[in-house]
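Engineer: My questions are about this predicted structure, shown below with the sequence.
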Amino acid sequence: MSILIPGMEMPPRGKVNLLVIPGDPVGKERPRHTRNGHTYTPEKTKAYEAKVAACFLKAHGKRIDGPVFVAITAYMPIPKRATKAD
């Protein structure tokens, strides 16, 4: 099964790299700005990006240069506060 964003082309058939990142997924936070105009990436985002990069390098041994097509499947537990009616 393949789900594409409207206007997106199907990627060419080629090598498929499977990557499993243990733990809960972390959303990318917005850049922060200091009072004197400097912009920085929040630590939580930087730490998770480093974790993803480390997992990829450990699994595949090298970086990928150039465009890539990424499909993400995240498995999350059902929240305890959810009721059967939800």
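Structural biologist: Right, received. Where do you want to start?
Engineer: Torsion angles phi and psi at V20?
Structural biologist: phi -110, psi 130 (degrees, to the nearest 10).
Engineer: can you pull the pLDDT of it?
Structural biologist: Each residue has a pLDDT score; the one for V20 is 87.
Engineer: thought it was touching C55?
Structural biologist: Yes. Taking contacts as C-beta atoms under 8 Å, V20 lies within contact range of C55: 7.5 Å. All C-beta atoms are positioned from the backbone trio N, CA, C, and that covers glycine.
Engineer: neighbour-wise, which of those two wins?
Structural biologist: Remark: of V20 and C55, C55 carries more neighbours, 15 against 6, as counted by other C-beta atoms under 10 Å.
Engineer: From K44, how far out is that one?
Structural biologist: Distance from C55 to K44, counting by C-beta to C-beta, to the nearest Å: 17 Å.
Engineer: What of F69?
Structural biologist: 27 Å.
Engineer: same question, K51
Structural biologist: 11 Å.
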